[in-house]
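Enquirer: structural data only, the sequence is not supplied:
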């Protein structure tokens, strides 16, 4: 944590940038879902090699990563932060800087499979997704996996307006709406995200969706 804070910017530079929100690790969002991008340094280095001239990468650590937890205490090493700090045009951001502000001022965002991707799309910002997640079929949320796909996506996104992105999101939602279920997959998600007066409704939704699939 000391090493991270020592290398942080405390204000967003007035430059064009791609925002990377680091994942909490260990977590299934990177292992197994991210495959070799479980090493998030690889994702950042790949983006760096594809950046347009004058652009930056701004990186913010997950807010829970530095909290004492037996699962996370050995998930980061000094070399993780020092190796990223050596990547050209890559900068860590202070944890005090708002993620909402980092998204809104960015050209686009990048993540392995995190919720920042969907947050970006809602705010009209395209996102580079380094795994095949639930919204990677959206035109403004491309699955990228190598230098060529990253370069193509950045070039395409550079010409997208916020209105374009939101239009693609609406089209995507229309396409997948029949597969969307209001509910939760885990009990803690139900506790945090489902209002008390909707819990029974959510359980019925999930169970009926499972039964419907079994009948197919």
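Expert: Received it, and whenever you're ready, just let me know what you need. These figures come from a predicted structure and were not determined experimentally.
Enquirer: gap between the two ends of stretch 110-129?
Expert: Start-to-end span of stretch 110-129 (CA to CA, to the nearest Å) is 6 Å.
Enquirer: in it, which residues are buried?
Expert: Across stretch 110-129, burial judged by 16 or more other CB atoms under 10 Å covers 110-114, 116-121, 124-129. In short, each C-beta sits where N, CA and C put it, glycine included.
Enquirer: quick one: which of the residues you listed sit in helices?
Expert: 116-121 (DSSP state H).
Enquirer: possible to save those residues as JSON lines with pLDDT and distance to residue 63?
Expert: Shown next, in JSON lines, are these (pLDDT from 0 to 100; distance: CB to CB, whole Å):
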{"residue": "116", "pLDDT": "95", "distance to residue 63": "12"}
{"residue": "117", "pLDDT": "96", "distance to residue 63": "17"}
{"residue": "118", "pLDDT": "96", "distance to residue 63": "18"}
{"residue": "119", "pLDDT": "97", "distance to residue 63": "14"}
{"residue": "120", "pLDDT": "97", "distance to residue 63": "17"}
{"residue": "121", "pLDDT": "98", "distance to residue 63": "21"}
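Enquirer: now those in CSV, with distance to residue 99?
Expert: CSV is the format used below for these (distance: CB to CB, whole Å):
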residue, distance to residue 99
116, 7
117, 12
118, 13
119, 8
120, 10
121, 14
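Enquirer: same question for the lengthiest helix in the chain: list its buried residues.
Expert: In the chain, with assignment by DSSP H, the single longest helix is helix 199-215. Buried residues in helix 199-215, counted by 16+ other CB under 10 Å: 202, 205.
Enquirer: isn't residue 1 up against residue 66?
Expert: Yes - judged on CB atoms under 8 Å, residue 1 makes contact with residue 66 at a distance of 4.4 Å.
Enquirer: which one's more surrounded, those two?
Expert: residue 66 (16 against 12; other CB atoms under 10 Å).
Enquirer: tell me the spacing between that one and residue 88.
Expert: Applying CB to CB, to the nearest Å, the value for residue 66 to residue 88 is 26 Å.
Enquirer: can you give me the helices in this structure?
Expert: Under the criterion DSSP H, the chain contains helices at 2-6, 40-50, 78-85, 99-104, 116-122, 147-157, 162-176, 187-193, 199-215.
Enquirer: contact partners of the helix or strand of the chain with the lowest mean pLDDT?
Expert: Between all helices and strands in the chain, the lowest mean by mean pLDDT, DSSP states H and E belongs to helix 187-193, at a mean of 87. With contact meaning CB atoms under 8 Å, 6 or more residues apart in numbering, helix 187-193 is reached by 183-184, 199, 202.
Enquirer: how about it: buried residues?
Expert: Quick answer for helix 187-193 (16+ other CB under 10 Å): residue 190.
Enquirer: what's the spacing between it and its chain's center?
Expert: 21 Å (CA atoms, centre = their mean, to the nearest Å).
Enquirer: and stretch 8-28, by the same measure?
Expert: 10 Å.
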